[in-house]
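# just to be clear, the model below is a prediction. Sequence and coordinates:
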Amino acid sequence: MNTYKRDRTRLGAYLLPGRIKNPTDVIAQAAKGEELGLGTLWLSERWGNKDIGAICGAVSQAAPSTYIAAGTTHFLTRHPAVLASMAMTLQSLSGGKFLLGIGRGVPEMFRAIGLPNISFKHLIDSVAIHKKLCKGELVNYKGVLGEYNGMQLIDLPDVKQPPIILGAIGPKALQVAGTHFDGVILHPFLTPDGVNRCSKIVKNAATAAGRDPDNIKIYATVVLAADLTPDKEEEVVGGRAVSYFQNQSYADILVGFNGWDKNILRKLWEHPLLKNLKSNADQTFTNEELAEVSRVLPKEWLLSGGAVGSKEHCASRLDDYLAVADNIIIHGSTPDKLTPTIKVFTNKTLLD
């Protein structure tokens, strides 16, 4: 048998996860990610102090050898020409290593800023317009997005259009990703089997659209918590699970893909802290409160839907996900906390 080393470039990690106070922390985190040999560094966008364009530009200079990914921003929050200009500028700044991740968001978020909820028609028309603009093509459009006449980007850098990938949860969104996008970002807390089920939907949609399914990349998001105390592990993993399973429509889909008991979700939603909650749990409660709520969920859900435990076990779990996905996005642990796990992952050889 041949042996081969695990490929760190298939691993990525989020920088500045959750709510932050100081965006300059991203510089040290990005430098550490590059030092560890991670293939991609990911940024999520929160309005106020986590602007994708500004932070990705900084990361492109702090970690020049890594790919940089928006994970995610949204089509309707920027004019199509502004978003395409930002993407092409970041592609040039990064030396052709930028990935544009797009999400649908939730209705409450868009309602608060006076924008319509993003429909699948919005997504499909927007990605088509975006690709044309990034190629310097003239866009004339009238439809759900409004009306654009003679829209064109003239002064484009001499780089290829960056891949555009979709954060998707349900079957319809997965089909849209396979049909119209270059890849898909899967939701945290999917088991490897759940990731595999999602991947098949994406690949089948690509094939049906006459596209090469191997060119549509699958990014599995994996919550990783290695060698933590029980209390800290409960905060990192359990608290994050509550913030995701709080959303009833998303949670039903995730639990269905994993083959879990949906009745347990009803117990979570009936918890006194969540029952009448109108806002996001992670913006309302402390980590300790979220951890307390998470005790409603079976421990097996938290263990089988991520990488939790010793650094050796977490490295092995990454293998499980890489068997069914092209790349992993590590969530819950920034690069400065990943050294022990990545060291185990790198040094252990696998049988082929």
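Here it is on my side, so go on.

# contacts and neighbour counts: CA atoms only from here.
Will do.

# the stretch 51-200 of the chain: strands as residue ranges?
Along the stretch 51-200 of the chain, counting by DSSP state E, counting those that start in this stretch, strands occupy 67-73, 98-102, 139-143, 146-151, 164-167, 183-185.

# quick one: mean pLDDT for the fifth one?
Here strand 164-167 scores 98 as its mean pLDDT.

# what does it rub up against?
Where contact means CA atoms under 8 Å, 6 or more residues apart in numbering, the residues beyond strand 164-167 that reach it are 71-72, 99-104, 177, 181-187.

# just the fourth one next, same as before
Outside of strand 146-151, the residues within contact range by CA under 8 Å, 6+ apart are 81, 133, 138-142.

# could you do the first one as well?
Contacts with strand 67-73, where a contact means CA under 8 Å, 6+ apart, come from 39-45, 52, 56, 59-60, 94, 97-103, 167, 185.

# return the distance of the host helix or strand of D282 from the chain's centre.
Element membership for D282, per DSSP states H and E: helix 281-284. Distance of helix 281-284 from the chain centroid (CA atoms, centre = their mean, to the nearest Å) equals 19 Å.

# give me the contacts around it.
Taking CA under 8 Å, 6+ apart as the rule, helix 281-284 contacts 239-240, 242-243, 246, 274, 290.

# farthest pair within the residues you listed?
Spatially, the most separated pair among the contacts of helix 281-284 is R240 and L274, at 14.1 Å (CA to CA).

# pick out whichever of the two has more residues nearby.
R240 (25 against 17; other CA atoms under 10 Å).

# now for whatever helix or strand that one lives in, which elements pack on it?
Following DSSP H and E, one finds R240 within helix 239-245. Contact analysis of helix 239-245 by 3 or more CA pairs under 8 Å, 6 or more residues apart in numbering; DSSP states H and E lists helix 248-258, helix 281-284, helix 287-294 as its packing neighbours.

# looking at the ones you listed, which is closest to M109?
Going by CA to CA, the one of the helices and strands packed on helix 239-245 nearest M109 is helix 281-284, 13.1 Å.

# buried stuff in that closest one?
Neighbour-count burial for helix 281-284 flags 281-282 (criterion: 16 or more other CA atoms under 10 Å).

# where are the low-confidence patches of the stretch 151-300 of the chain?
Residue ranges of the stretch 151-300 of the chain with pLDDT under 70: none are present.

# ranges for the helices of the stretch 1-150 of the chain?
25-36, 52-62, 80-93, 107-111, 120-134 (DSSP state H, counting those that start in this stretch).

# cool, and the stretch 251-352 of the chain?
Using DSSP H, counting those that start in this stretch, helices in the stretch 251-352 of the chain cover 263-269, 281-284, 287-294, 299-304, 311-322, 339-347.

# just give me the neighbour total for W269.
Neighbours around W269, by other CA under 10 Å: 20.

# for this structure, what's the longest strand?
In terms of residue count, the longest strand belonging to the chain (DSSP state E) is strand 217-226.

# the closest residue to A251 other than its chain neighbours and G150, how far apart?
In space, and not counting its chain neighbours, A251 is closest to F245: 4.7 Å by CA to CA, 6 or more residues apart in numbering. Distance from F245 to G150, counting by CA to CA, to the nearest Å: 44 Å.

# also E235?
52 Å.

# what of E289?
Using CA to CA, E289 is found at 53 Å from G150.

# who has more neighbours out of these two?
More neighbours surround E289 than the other of E289 and G150, with 15 against 10 (other CA under 10 Å).

# so what touches the lengthiest helix in the chain?
The residue-count maximum for a helix in the chain (DSSP state H) belongs to helix 192-208. With contacts defined as CA under 8 Å, 6+ apart, helix 192-208 is touched by 171, 174-179, 184, 186, 212-214, 216, 218, 220, 254, 257-259, 305, 320-321, 324-325.

# filter those residues down to the buried ones and hand me the ChimeraX line.
To isolate in ChimeraX the members of the contacts of helix 192-208 that are buried, counting by 16+ other CA under 10 Å, one can use:
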select :174,175,176,177,178,179,184,186,213,216,218,220,254,257,258,305,321,324,325
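
# quick revisit: tell me which of the strands of the stretch 51-200 of the chain sits most buried.
Greatest average neighbour count among those goes to strand 183-185 (a mean of 27), per mean count of other CA atoms under 10 Å.

# which outside residues touch that strand?
With CA under 8 Å, 6+ apart as the test, strand 183-185 has contacts from 71, 101, 163-168, 174, 177-178, 202, 215-221.

# neighbouring strands for it, and are they parallel or not?
Note on strand 183-185: by DSSP bridges, its sheet partners are strand 164-167 (parallel), strand 217-226 (parallel).
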